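Novice: Quick one: sequence plus predicted model below, questions after.
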Amino acid sequence: MTQCLVCDHDVEPFLNFGPMPIANGFLAAEQVASEPFADLEVGFCGGCTMVQLTQLVEPEAMFHENYAFFTSSSAWMGRHFAALAADARARWLDGAEDPLVVEIGSNDGTMLGNFQEAGIRHLGIEPSANVAQAAMDRGVETWVRFFGRETADAVVEQHGRADLVLATNVLCHIPDLDGVLAGVSRLLAPGGVLVFEDPYLGDIVEKTSYDQIYDEHVFYFCLGNLKPLLARHGLEIVRAEPQGVHGGSMRYTVAHAGAHPVDPAVEDLLERERLAGLHEPETYVRFRTAVEASRDALVAELERLREAGVRVVGYGATSKSTTVTNYCGITPDLVSSITDTTPTKQGKLSPGAHVPVVPHEDFRADPPEVALLFAWNHQAEIVAKEAQWLADGGRFLVYVPRVGFVDRDAPLAATPQV
Ligand code: TMP
Ligand code: ZN
């Protein structure tokens with residue numbers, strides 16, 4: 001039994017995916033022999049209800065000078081962040097004198113670029129040197145380090161307190177959430193806010209999107225499991241807005257307790273979470289059963305296609321796909337290659353399953369009959385991009401919210417939107 005990273009209570013494991021490689025560990029053929037594996041297991045804390053991994057991979061093994069994920073690889077995510085930046089600016093910075101915006105996990109500066117272009121003081125904190133360099137190259141001020149109490153104090157000393165702290169798809173990655181929230185609490189000006197987004201536990205359970213579970217995602221948040229943790233740091237959720245991105249995310253706005261009125265939507269969402277049973281261990285036992293059924297259906301479909309002689313390639317060498325390929329045993333006999341636009345992934349093998357990652361040009365030059373949409377969270381963008389292939393008879397196979405083909409005539413109706 002492991003201890004909760006948030007409250008020290010025992011964590012009850014509810015799903016073990018077996019041995020997994022590093023989710024973002026795309027590798028060269030000569031690295032296969034030394035590829036590291038560790039069990040991927042997720043559990044529920046009976047003390048504070050936080051859903052979390054029970055075994056952690058060293059952060060240095062995941063976020064390093066060769067971190068493979070560049071935010072700017074998705075044009076639509078760029079637009080999402082521009083809209084977030086515009087909304088946060090209008091809502092929280094209007095009238096502030098020379099405000100400071102700090103982003104935790106600022107990646108290649110896609111988000112902060114919006115503030116930099118508007119001449120707003122900004123600072124990105126990003127531990128992965130290669131993506132941080134891309135941000136600096138475009139003029140976004142960035143410190144290459146992890147965020148915590150010490151970094152927060154150093155920012156305050158050099159730049160003063162922040163009016164707006166941003167963190168998208170990053171807080172759920174940080175095992176020392178306490179350290180981060182203590183840092184945020186010190187960093188925020190009295191009326192300042194933290195706006196953060198992460199995949200939403202409510203969506204994961206509802207859509208059986210088990211591929212959100214991988215080594216980088218230590219925590220699976222909902223309003224209910226964040227509330228007690230934030231309260232310990234004198235913080236509270238003042239707004240919560242569901243987002244379609246990343247297969248269902250929540251945008252939380254957090255402030256010093258009492259600093260801002262709490263939007264009524266917060267209580268409504270908490271009530272919905274109670275009705276969905278997100279605070280009850282039985283919910284996660286049912287989730288495991290649904291995950292096993294999803295795996296069996298996907299494997300059966302891929303085997304059926306193989307027997308029918310249909311060529312299937314993967315679309316999007318996502319971190320999430322590492323959970324799917326390794327848990328379901330999807331090796332090159334079922335999916336011959338994975339197309340991806342990220343240059344650092346191309347020419348490599350997918351972690352664990354060792355499916356070759358190829359450039360998008362290959363997909364265009366030699367279109368498959370079926371593409372397994374690993375990047376299902378970017379479905380709308382990708383369906384629009386591949387309209388011609390679909391019109392020519394190509395088909396996308398998805399497994400979220402259930403295993404099936406994206407309907408050619410109404411591609412977005414029955415499936416999650418971006
Ligand atoms: P993500 O799900 O973590 O955002 O990763 C998306 C991956 O999919 C990333 O490696 C880039 C790739 N991708 C494509 O290859 N083509 C596309 O059109 C999009 C949107 C993403
Ligand atoms: Zn706990």
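Specialist: Nice, thanks for sending it over. Ligands and ions are numbered 1, 2, ... in the order given.

Novice: Give the burial count for Phe63, as a bare number.
Specialist: 22 (other CB atoms under 10 Å). Every residue, glycine included, has its C-beta placed from N, CA and C.

Novice: Tell me which residues touch it, please.
Specialist: Pro127, Ser128, His173 (CB atoms under 8 Å, 6 or more residues apart in numbering).

Novice: same thing with Glu197?
Specialist: Contacts for Glu197 (CB under 8 Å, 6+ apart) come out as Leu84, Ala167, Thr168, Asn169, Gln243, Val245, His246, Ser249, Met250, Arg251, Tyr252.

Novice: what ranges do the strands span in the stretch 101-250 of the chain?
Specialist: 121-125, 142-143, 162-168, 188-199, 219-220, 235-243, 249-256 (DSSP state E, counting those that start in this stretch).

Novice: Mind listing what's buried along the fourth one?
Specialist: Going back to what we said before, that points to strand 188-199. Leu188, Ala189, Gly192, Val193, Leu194, Val195, Phe196, Glu197, Asp198, Pro199 (16 or more other CB atoms under 10 Å).

Novice: Within the sheet, what are the partner strands of it, with directions?
Specialist: With DSSP bridges as the test, strand 188-199 is paired with strand 162-168 (parallel), strand 249-256 (antiparallel).

Novice: The first one now?
Specialist: As defined by DSSP bridges, the strand partners of strand 121-125 come to strand 100-104 (parallel), strand 142-143 (parallel).

Novice: what's the pLDDT at Ala75?
Specialist: Ala75 is assigned 81 on the pLDDT scale.

Novice: surely it meets Ile382?
Specialist: No - Ala75 lies out of contact with Ile382 (CB atoms under 8 Å); the separation is 10.9 Å.

Novice: Same drill for the two, tell me which one is more crowded.
Specialist: Neighbours of Ala75 and Ile382, each counted by other CB under 10 Å, are more numerous for Ile382; the result is 21 against 11.

Novice: Which residues are in contact with the more buried one?
Specialist: Per CB under 8 Å, 6+ apart, neighbours of Ile382: Tyr315, Gly316, Leu373, Ala375, Phe396.

Novice: For the fourth one, give its distance to Leu164.
Specialist: Distance, Ala375 to Leu164, using CB to CB, to the nearest Å: 30 Å.

Novice: can you check the third one too?
Specialist: Distance of Leu373 to Leu164, computed by CB to CB: 35 Å.

Novice: the strands in the stretch 251-400 of the chain, which residues?
Specialist: Going by DSSP E, counting those that start in this stretch, the stretch 251-400 of the chain shows strands at 312-315, 338-339, 357-358, 370-373, 395-398.

Novice: Buried deepest among the ones you listed, which one?
Specialist: strand 338-339 (a mean of 26; mean count of other CB atoms under 10 Å).

Novice: How many residues are close by Glu60?
Specialist: When neighbours are defined as other CB under 10 Å, Glu60 has 9 of them.

Novice: Pretty sure it sits in a strand.
Specialist: No - read with DSSP: H, G, I helix; E, B strand; the rest coil, Glu60 is helix and lies in no strand.
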